[in-house]
Structures are given as C-alpha cells and as structure tokens.
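Chemist: Predicted model and sequence below, questions to follow.
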Amino acid sequence: MQRLYDFIRRHPTSVDSFWAVLLFGLSMLIVADDSGVAGTSTLHRLLAVPCVIALCTAVALRRKWTVAMFWLTVGAGVWQLVLGPTANLFDFAMLVILFTVAAGDVPRWISRTALGMGLLASPLYFARFGVDKGPSGAEAVLFTLFMMVPFALAWVLGDSLRTRRAYYAQLVERNQRLEKEREAQAKVAVAAERARIARELHDVVAHNVSVMVVQADGAAYVMDAAPEQAKEALQTISGTGRQALAEMRRLLGVLRTGEPQESEDYVPQPDVEQIEVLVEQVRAAGLTVTFEVEGTPRRLPTGVELTAYRIVQEALTNTRKHGGPDARASVRLVYFDDGLGLLVEDDGRGAAHELYEDGGADGAGHGLIGMRERIGMVGGTLDAGPRPGGGFRISALLPLKKR
C-alpha cells in the first residue's frame, strides 16, 4: 500500500491519465448508444466526440498545465451550449477541473473566475436546453439551484486543500527558519562559552592572586621573627600559583584551535567536595571561616557543582577585599530534595552599595554580575546584599533541574 501511495505521489500525471482513459471509454460508449445523447441524430453524437476528447484531455493534464486545461474545459462547455450535445458522464470532468483549479498553485483571480463559471454552468445549461422536472417554474428553479451545489462543493474542497497546503508550506518554512535560528544560537552559544571562560578566569585569578598577596604580606612581616612561618607562607604561595596556572591552562586550552594538547597540569572542574578544600585554603590565608553542611551530601549535576564552588570562591574573595582586616565569614551548604542551598556571610564592612546593586559605575562589581549569570544558567536564584547587624550576605538556591 505504501509503494502504491509513493507511486501516486511521484507520477500524478500518469494516474490522472488512467482515469481520463477510463472516463473516455465510458463516455464514448454512452455517445455511441442511440439514447446516450439527447437528440439521437448522428450529428449530435459526432458533436459530442470533440467535447469528450477535450474534457478527458483536461483530466489527464490537469495538474501539469492547470490554467490551460481550465480554459480548455471552458471551451468544451461553450461547445456544448452552442452546438447542442447535452450533459452526460463526461461532464463530470468539469467538477474535477474546478477542484483542481481551486486547489492548485494558480492566481486567485483564475480560481474565483472558475467558481463563477461553475456556478453559472447550471443556469446557462438549463436556460439553453430547458428543465423538465415538474409542472411549475418554482420546481425548475429549485432543481437548477440544486445542480449548482456540486460545483460549489468542488471549489470549496479544492480551496480547503489549497489552504491546507499553504499552511503545511508555512510549517516547512518555519522549520527551516528554526534550523537557521538554531545554527545562529549555536554560534551564540560559542560566544557564551567564551564569556563563561572569561568568568572562570576572573574567579581563578581574583581568588588565587588575593591569597598569594595575603601570604606574601604575611611572609614579609614574619620573615625575621619566624622564618618557619614565612617558609610555610611561601610554600602556600607556590602551591596556589601552580593551581592557578593549571586552571588557567585548562580554560585557555578551550580557546585553542587545532588538535587538543595534553597537559600534566590538567585538572578537573571544581565541585562541591572541593569547597571544604577552598575554605581551608582561605583559612590558611588568614581569614577566619566556619564551614557547615546540612542534609545528606550526594552527587549533583556538574553545572550545579561548578556554580556552587565558584559562588563560594567569589564570596570569600569579596570578603577579603571588602570585609576589613578582622572580618569573619561562614559558609553553609544545605542539601534539599530538589536542590542545593548556599549561604555565605561575613561580619565585615561589606561592599559599597553600587558594587552589588548596579554593577559598579566604574566597571567594578563584575564578580557579583558573574554570580547572577552563573545562577541564571542553572535556573537558580541569588540574593546578595548587606545583612542585618553589619557585614554582607550571599544566598543562593540551585535547583537540580533547570526551570
């Protein structure tokens, strides 16, 4: 059945020709019969033959040359009205042509002209040959109107098919447009990935460099009085620098073209488990930090874990920058059934209002802007601002599924 359907779709003219031959054969049988055509003279039967040929030809070629076959059908109708062959089976071709014109890709004025001629066909025919359907004129009028219905239905069905095809073509065009938009979105995604790398570099550099500066200052301060502490500080600076370089190599490697290069310093993306390591590193840099975990720890989506790590990293970096020399901070992770909650607070001076509210008129405040972008990527929420009693608070909720 599917093969037959595919053949019909690939060879519409062949299918139409088959029906045209069948119609021609049946019509010629009727014309050859003495009672088949009104006016039983040989002349009337001979006059019907050109009409049969024209209408059957129109059926065979209706989809190949729609407009030309329409006018050929009109000519066959005029032939009937003028020369006298009365309506018969072959006139069914007029309904087929009317349907084809209404459904085909032809100018609208031709479609409307075909409708008008189709509606006039019945009144003109009965005006020419008369109506023998009852004693009263009212019955004749009603019968004439009734015979107009098939022409109207043929046009309505064809026009409905034309509308449906146009709608389908719009869907195809829309699908193609969406494909192009998807390609454009892919390019935008590449640009967004580069922006993400820039945020990653900001987090890495801001955090590790600030740790190194604090440790360097401490080492210089105790160099003479406590050489061992100075040595530990220098070791921390060395380890922090190596970690920063490893992450920067990994991030910048994404931007390289050509074959990827292996590196012994390649490290995986930070996750929630490394937050505790981050806190220890910040403590070693001189900032007092408490760390709490509520709920049952479990593996989370990679994007959520990376976002959580970077938010805590940025929050503690901001505490060191803006909290003052005696600031203390706390980090709390809360595992919910449907997400992860983060709360980072400090009791320092806090950031200036324009840094967290407006992004900084002087270009500052990009850390908090990056936080909001990261939260938005995973469908979470972020609240950042001063906390009651002084200090600064960053509260975030990261859902397991993007909203």
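Modeler: Now that the structure is in, tell me what you want to look at. Residues are numbered from 1 along each chain as shown.
Chemist: what residue lies at the spatial centre of this protein?
Modeler: Nearest to the geometric centre of the chain sits residue 178, at 5.3 Å (Cα atoms, centre = their mean).
Chemist: what's the distance between the helix or strand harbouring that one and the middle of its chain?
Modeler: Following DSSP states H and E, one finds residue 178 within helix 137-222. Taking Cα atoms, centre = their mean, to the nearest Å, one finds the center of helix 137-222 at 3 Å from the center of the full chain.
Chemist: same question, stretch 237-244
Modeler: Offset of stretch 237-244 from its chain centre (Cα atoms, centre = their mean): 45 Å.
Chemist: pLDDT (mean, whole number) over it?
Modeler: For stretch 237-244, the mean per-residue pLDDT is 72.
Chemist: what residue ranges in the stretch 51-200 of the chain are flagged as low confidence?
Modeler: Along the stretch 51-200 of the chain, the parts satisfying pLDDT under 70 run over 130-137, 190, 193-200.
Chemist: where along the stretch 201-350 of the chain do the strands fall?
Modeler: Ranges of strands within the stretch 201-350 of the chain are 288-294, 328-335, 339-346, based on DSSP state E, counting those that start in this stretch.
Chemist: I would like the residues contacting the first one, please.
Modeler: When contacts are defined by Cβ atoms under 8 Å, 6 or more residues apart in numbering, strand 288-294 is touched by residues 275-276, 279, 282-283, 316, 327-335. Every residue, glycine included, has its C-beta placed from N, CA and C.
Chemist: Can you turn the buried subset of these into a selection I can paste into ChimeraX?
Modeler: Selecting only the buried entries of the contacts of strand 288-294 in ChimeraX, with 16 or more other Cβ atoms under 10 Å as the criterion:
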select :275,279,282,316,327,329,330,331,333
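Chemist: Okay, helices next: where are they in this protein?
Modeler: With DSSP state H as the criterion, the chain has helices at 2-10, 12-32, 42-60, 66-83, 92-103, 108-129, 137-222, 227-253, 274-284, 302-322, 353-357, 366-377.
Chemist: Let me have the ones you listed in a markdown table, extended by distance to residue 388.
Modeler: A markdown table is the format used below for those (distance: least, Cβ to Cβ, whole Å):
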| stretch | distance to residue 388 |
| --- | --- |
| helix 2-10 | 73 |
| helix 12-32 | 78 |
| helix 42-60 | 87 |
| helix 66-83 | 79 |
| helix 92-103 | 73 |
| helix 108-129 | 72 |
| helix 137-222 | 27 |
| helix 227-253 | 34 |
| helix 274-284 | 24 |
| helix 302-322 | 17 |
| helix 353-357 | 16 |
| helix 366-377 | 19 |
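Chemist: that older thread, let's have the strands of the stretch 201-350 of the chain in CSV, adding mean pLDDT.
Modeler: As requested, the strands of the stretch 201-350 of the chain are exported to CSV (pLDDT from 0 to 100):
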stretch, mean pLDDT
strand 288-294, 92
strand 328-335, 92
strand 339-346, 91
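Chemist: measure the residue nearest to the centre of the chain to residue 169 for me?
Modeler: To residue 169, residue 178 is 15 Å away according to Cβ to Cβ, to the nearest Å.
Chemist: Nearest spatial neighbour of residue 61, chain-adjacent residues omitted?
Modeler: Leaving aside its sequence neighbours, residue 61 sits nearest to residue 69 (Cβ to Cβ, 6 or more residues apart in numbering; 5.4 Å).
Chemist: and that neighbour, how many residues sit next to it?
Modeler: Residues near residue 69, counting by other Cβ atoms under 10 Å, number 25.
Chemist: mind starting the numbering at 411 from now?
Modeler: From this message on, residue numbering opens at 411, which makes the last subject residue 479.
Chemist: Out of the strands of the stretch 611-760 of the chain, flag the one nearest residue 465.
Modeler: Evaluated over these, closeness to residue 465 peaks at strand 749-756, with 73.2 Å, by Cβ to Cβ.
Chemist: ok, residues contacting the closest one?
Modeler: With Cβ under 8 Å, 6+ apart as the test, strand 749-756 has contacts from 682, 710, 714, 718, 721-722, 725-726, 729, 733, 737-745, 790, 797, 801-810.
Chemist: change it to 6 Å
Modeler: Around strand 749-756, the neighbours that count as contacts under Cβ atoms under 6 Å, 6 or more residues apart in numbering are 718, 721-722, 725, 729, 733, 737, 739-742, 744, 797, 801-810.
Chemist: what lines up beside that strand in the sheet?
Modeler: Looking at strand 749-756 with DSSP bridges, its partner strands are strand 738-745 (antiparallel), strand 802-809 (antiparallel).
Chemist: So what angle separates the directions of it and helix 776-787?
Modeler: Relative orientation of strand 749-756 versus helix 776-787 (axes from the mean of the first three to the mean of the last three Cα atoms, to 10 degrees): 170 degrees.
Chemist: Put the alpha carbons of strand 749-756 into PDB.
Modeler: What follows is strand 749-756, C-alpha atoms only, in PDB (Å, rounded to 0.1, in the frame of the first residue of the first chain):
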ATOM      1  CA  GLY A 749      18.300  21.400  45.000                       C
ATOM      2  CA  LEU A 750      21.300  22.900  46.900                       C
ATOM      3  CA  GLY A 751      21.300  25.900  49.100                       C
ATOM      4  CA  LEU A 752      24.300  28.200  49.700                       C
ATOM      5  CA  LEU A 753      24.700  30.800  52.400                       C
ATOM      6  CA  VAL A 754      27.900  32.800  52.700                       C
ATOM      7  CA  GLU A 755      28.000  35.600  55.300                       C
ATOM      8  CA  ASP A 756      30.600  37.800  56.900                       C
END
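Chemist: Noted, bye for now.
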